[in-house]
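Q: How does the following fold in three dimensions:
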Amino acid sequence: MKCAECGTKMNEVEKGPYHYVESGLDNVYLYGVTEYNCPKCKNKMVRIPRPFQLHIILAIAISQKEGHLSGSEIRFLRKEVGMPAKALAEAVGVTPQSISRWENEKEKQSESHDRLIRYIFRFMMQERLKTTINYLEDTLKQAEVVSFKNKRVDVNADQMRFISIPNVAVCECGASME
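A: Residues are numbered from 1 along each chain as shown. Down below sits the predicted model:
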């Protein structure tokens with residue numbers, strides 16, 4: 001891997017758990033990620049495999065945890081399903097300012113609001129996953145699966161280079177899911 005700043009080949013570094021603050025959560029540590037250091041400009045980079053799937057796993061785990069959601073967890077869940085704060089406020093029946101206060105931990109949400117946020121997240125995540133499954137089924141058609149003979153699958157891989165899993169979909173409420 002080359003440094004994005006100076007173009008020098010970066011060194012792979014053996015390191016313990018990586019504190020994944022980029023997630024927006026202060027308590028996530030990743031094992032098995034590769035870190036790189038640039039010997040010239042001292043730039044550091046990390047390669048996180050399958051961040052799309054990682055965020056889904058984190059979000060589902062957060063939604064199932066015991067106790068109240070923290071402000072950063074509410075923000076993470078909301079962003080994971082692409083729901084603007086205004087839309088979440090409308091769905092929960094509070095003002096956008098309440099969502100802001102909860103997310104910035106200036107006020108604690110009630111237990112019923114906490115349960116409702118989790119329910120909304122689960123519903124929106126199901127919709128997101130349905131959209132992804134539909135997209136992958138369409139992708140399968142585009143990939144031109146040629147045959148399924150004798151436990152072998154022949155795929156026209158040339159078509160695959162034009163295919164990527166979308167990070168954006170639109171939910172029923174009309175909110176962009178970025």
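Q: How is the chain partitioned into domains?
A: Residue ranges for each domain of the chain read 1-49, 50-178, as given by automatic domain parsing.
Q: separation between the closest residue to residue 86 other than its chain neighbours and residue 22?
A: Excluding the flanking residues, the one nearest residue 86 by CB to CB, 6 or more residues apart in numbering is residue 96, at 4.9 Å. Every residue, glycine included, has its C-beta placed from N, CA and C. From residue 96 over to residue 22 the distance is 25 Å, taken as CB to CB, to the nearest Å.
Q: Which one's more surrounded, the two?
A: Neighbours were counted for residue 96 and for residue 22 using other CB atoms under 10 Å; residue 96 has more, 14 against 11.
Q: nearest spatial neighbour of the residue nearest the centre of the chain, skipping sequence neighbours?
A: Of all residues in the chain, the one closest to the mean position by CA atoms, centre = their mean is residue 55, 3.2 Å from it. Distances taken as CB to CB, 6+ apart place residue 80 nearest to residue 55, at 5.8 Å, with adjacent residues excluded.
Q: try residue 85
A: Closest to residue 85 by CB to CB, 6+ apart is residue 99, at 4.5 Å.
Q: Kindly report the same for residue 6.
A: Nearest residue to residue 6, sequence neighbours excluded (CB to CB, 6+ apart): residue 41, at 4.6 Å.
Q: residues contacting residue 68?
A: Contact analysis of residue 68 by CB atoms under 8 Å, 6 or more residues apart in numbering lists 108-109, 111, 114.
Q: my read: the residue nearest to residue 86 touches residue 87, true?
A: No - Residue 96 sits out of contact with residue 87 when judged by CB atoms under 8 Å, with a separation of 9.3 Å.
Q: Look up phi and psi at residue 73.
A: phi -70, psi -40 (degrees, to the nearest 10).
Q: Who does residue 11 form a beta bridge with?
A: residue 37 (DSSP bridges).
Q: An error on my part: the question was meant for residue 2.
A: residue 9.
Q: by contact count, what packs against the helix or strand where residue 101 lies?
A: Using DSSP states H and E, the element containing residue 101 is helix 96-103. Applying 3 or more CB pairs under 8 Å, 6 or more residues apart in numbering; DSSP states H and E, one finds that helix 96-103 contacts helix 71-80, helix 85-92.
Q: CA atoms of that helix as CSV?
A: Extracted C-alpha coordinates of helix 96-103, given in CSV (Å, rounded to 0.1, in the frame of the first residue of the first chain):
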residue,chain,number,x,y,z
PRO,A,96,-35.5,17.6,16.7
GLN,A,97,-34.0,19.5,19.6
SER,A,98,-34.8,16.5,21.9
ILE,A,99,-33.0,14.2,19.5
SER,A,100,-30.1,16.6,19.5
ARG,A,101,-30.0,16.7,23.3
TRP,A,102,-30.2,12.9,23.5
GLU,A,103,-27.4,12.4,21.0
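Q: Fine, thanks again, bye for now.
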